[in-house]
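[1] from the sequence below, what's the structure:
(one chain, ligands or ions: 1)
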Amino acid sequence: MILLDGKKTSNDIKEEIAIAVDGMKERGEKVPHLAAILVGEDGASLTYVGSKVRACERVGFESTLVQMPDTTSEEELLNTINDLNTNDAIDGFIVQLPLPKHIDEQKVLMAVNPNKDVDGFHPENFGKMALDMDSFIPATPFGILQLLERYEVETKGKNTVVIGRSHIVGRPMSILMSQKGPAGNSTVTLTHSHTKNLSEITKQADIIVVALGIPEFLKGDMVKDGVVIVDVGISRVPDASKKRGYAIKGDVAFDEVSKKSSFITPVPGGVGPMTIAMLLKNTLIARERLANL
Ligand code: NAD
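    A predicted model of the protein is given here:
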């Protein structure tokens, strides 16, 4: 069994990005600038945004955090998005999800300038991705493709099963792995909460991407020997033995499933760190595109 080490791979990618930024600085060019909008005080969101800002500093990007109270109206948020859309200093930005209930998430994602949409959530980018056109690929799927590619995991002609059909992970993964190209050319089955006999399907899989948010959902008896496992899940499970009172669990029962796997991502240290690295990569791409306009 080989661990698909997202921590190491994401550090390699960040190193590559830092070298590109050094080159920009030496040539006197503008360096990439990522902004993040955070509405409210959700603990997990604060942690995620904090990691993104720190990652920017590490690779030499500029970063801006726009923090807004959870009483922010939809109109105020849309105005802030418009400011970032038109601010030439900002190359890319994200709106951290989830948003407070009184704000329409779709309206917000639609308001982001597609050229600065480094999360790849705008329908224009999603549509371009589905049509094999140049676009921003959502960071988590982009990170999974990179892990598979860099570990030379064969995907061509393999049976891939994706569990979960979210717009940010499962659905784009199913599209990307069925496309021509690196980490593609797979025969993909997209499964979800209405799928019948899931175990029968997963037992046929050469590769399983699990993104449903139920800790240790995928058990050893649901997979065949030699399977490749990508575990996207991140859940906080109460654990009195930990100082912070919880442990981070993936969607895969790691101890059982890893014994049967050829490759597997750990949680933490697998897909999570790749997501941040690919957000940086998308921001670098955004800057390079803007520079070439
Ligand atoms: P989601 O929470 O939006 O949706 C869950 C999906 O799972 C749905 O499509 C649903 O149909 C499916 N599902 C639920 N029960 C099922 C069942 N019994 N059998 C088959 N399918 C079932 O999904 P999400 O936003 O992709 O999040 C999934 C997990 O991935 C969460 O733990 C989330 O925290 C994590 N996540 C991690 C990263 C990362 O960077 N590592 C990024 C995004 C999400």
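
[2] so residue 204 touches residue 187, yeah?
    No - judged on C-beta atoms under 8 Å, residue 204 makes no contact with residue 187 at a distance of 10.2 Å. No exception for glycine: its C-beta is placed from N, CA and C like everyone else's.

[3] so what sits against both of these two?
    Here residue 204 and residue 187 share the contacting residues residue 159, scored by C-beta atoms under 8 Å, 6 or more residues apart in numbering.

[4] and those two? which has more neighbours close in?
    residue 187 (15 against 11; other C-beta atoms under 10 Å).

[5] for the more buried one, give me the backbone phi and psi.
    Torsion angles at residue 187 (phi, psi; degrees, to the nearest 10) stand at phi -100, psi 110.

[6] now it: how far from residue 153?
    For residue 187, the distance to residue 153 equals 15 Å [C-beta to C-beta, to the nearest Å].

[7] all helices for the stretch 101-250 of the chain, in order.
    For the stretch 101-250 of the chain, helices defined by DSSP state H, counting those that start in this stretch occupy the ranges 105-111, 123-130, 139-150, 170-178, 198-202.

[8] and the ligand, which of those helices is closest to it?
    Closest of the helices of the stretch 101-250 of the chain to the ligand is helix 139-150, at 4.2 Å (criterion: C-beta to the nearest ligand atom).

[9] list of residues touching the closest one?
    Applying C-beta under 8 Å, 6+ apart, the set of residues contacting helix 139-150 is 4, 6, 9-10, 12-13, 118-120, 137, 153, 155, 168-169, 172-173, 176-177, 182-183, 209, 211, 228, 230, 232, 265, 270-271, 274-279, 281-282.

[10] that one near the ligand at all?
    Yes - legend: contact between helix 139-150 and the ligand by C-beta under 6 Å from any ligand atom is shown at residue 140.

[11] list the buried ones in that helix?
    By 16 or more other C-beta atoms under 10 Å, the buried positions in helix 139-150 come out as 139-148, 150.

[12] coming back round to it: possible to save the helices of the stretch 101-250 of the chain as CSV with mean pLDDT?
    Formatted as CSV, the helices of the stretch 101-250 of the chain follow (pLDDT from 0 to 100):
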stretch, mean pLDDT
helix 105-111, 97
helix 123-130, 97
helix 139-150, 98
helix 170-178, 98
helix 198-202, 98
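
[13] in strands only, show me the contacts of helix 139-150.
    Using DSSP state E, the members of those that fall in strands are 209, 228, 230.

[14] my guess is the last one contacts residue 267. True?
    No - the pair residue 230 and residue 267 fails to qualify as a contact (C-beta under 8 Å) at a distance of 10.4 Å.

[15] the two: who's more crowded?
    residue 230 (27 against 23).
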